[in-house]
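Q: Got a predicted structure plus its sequence, pasted below:
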Amino acid sequence: MIEGDRNLPHENGLDELFKRYEYQKKELKARLHEFTLVRQEDYFYELCFCMCTPQSKARHALVVVDKLKSMQFQTHPRDVSDVLGSREHYIRFHNQKSNNLQAMQGSWEQINHILQDRTTVFEKRDLLAATIRGIGMKEASHFLRNIGIFGVAILDRHILKHLKQLDITEDYPQSLTRGVYLDIEEKWSIFCTKVGIPLEEMDLLFWSMETGEILK
């Protein structure tokens, strides 16, 4: 444990974290670099992916996005509840998410303006969450990370579990209000600085520990 710092977790937890990080560090950095190479013309479908993933499998969301691309959903929006509701790649709340995707398509010009405007990543997240129906701070953070705009936390339930295990947070939050989200994000950011692992890399590391792979 880092001497003199009582805000860090128990030594065994840190040792395991460091071991896993050193083993996967190159892979983590390479994946994050790939996010920075996403083309602007692909941003729309990255957002579709992030809107489909809550409470659904990421692999299913990837299949859905491929189907949306093949039907040119960005320029030809329609009800895609049948696509999201397929048994082979089921997306939970498929009817609601289909409506949200269509609404997002209609707001894409405004969303794209937010992305291109010279604002901080925190301002972009707030504006995206306020503009896009059906997403909050977590999904907005996820989208920004996936297009290479770093600096905000993606507080998924799996991430929150690891933060609690490392004593970064005391309790698993019953609800993620804006204030709670920002408080946990700040604590995690401080922890990352103390241990020398960038927040985005630790996020992917936690996910690889959950799923055995580094996806997005």
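A: Looks like it arrived, so ask away.
Q: switch to C-alpha atoms for all contacts and neighbour counts from now on
A: OK.
Q: Report the central residue of this protein.
A: With distances taken as C-alpha atoms, centre = their mean, the residue of the chain nearest its centroid is H142 (2.5 Å).
Q: Could you give the separation of the helix or strand where that residue lies from the chain centroid?
A: Counting by DSSP states H and E, the element that carries H142 is helix 137-146. Relative to its chain's centre, helix 137-146 lies at 5 Å (C-alpha atoms, centre = their mean, to the nearest Å).
Q: what's next to the helix or strand following that helix, contact-wise?
A: Once the chain leaves helix 137-146, the next helix or strand it forms, by DSSP H and E, is helix 157-165. Residues from elsewhere that reach helix 157-165 (C-alpha atoms under 8 Å, 6 or more residues apart in numbering): 169-172, 188, 203, 206-207, 210.
Q: quick one on the thing from earlier: what helices or strands is the helix holding H142 leaning on?
A: helix 11-36, helix 43-52, helix 121-131 (3 or more C-alpha pairs under 8 Å, 6 or more residues apart in numbering; DSSP states H and E).
Q: List the buried residues for the longest one?
A: It refers to helix 11-36. Within helix 11-36, the residues that qualify as buried are 14, 17-18, 21, 24-25, 27-28, 31-32, 35, counting by 16 or more other C-alpha atoms under 10 Å.
Q: What is the burial count for A58?
A: The tally of other residues near A58 (other C-alpha atoms under 10 Å) stands at 18.
Q: I'd like the distance between it and I184.
A: The gap separating A58 from I184 is 24 Å, by C-alpha to C-alpha, to the nearest Å.
Q: Over to Y90?
A: Taking C-alpha to C-alpha as the measure, Y90 falls 31 Å from I184.
Q: what does L215 give?
A: With distances taken as C-alpha to C-alpha, L215 is found 23 Å from I184.
Q: In terms of neighbours, single out the busier of these two.
A: Using other C-alpha under 10 Å as the criterion, L215 and I184 rank with I184 on top: 19 against 11.
Q: Between its first and last residues, what's the separation in stretch 64-75?
A: First-to-last residue span, stretch 64-75, C-alpha to C-alpha: 16 Å.
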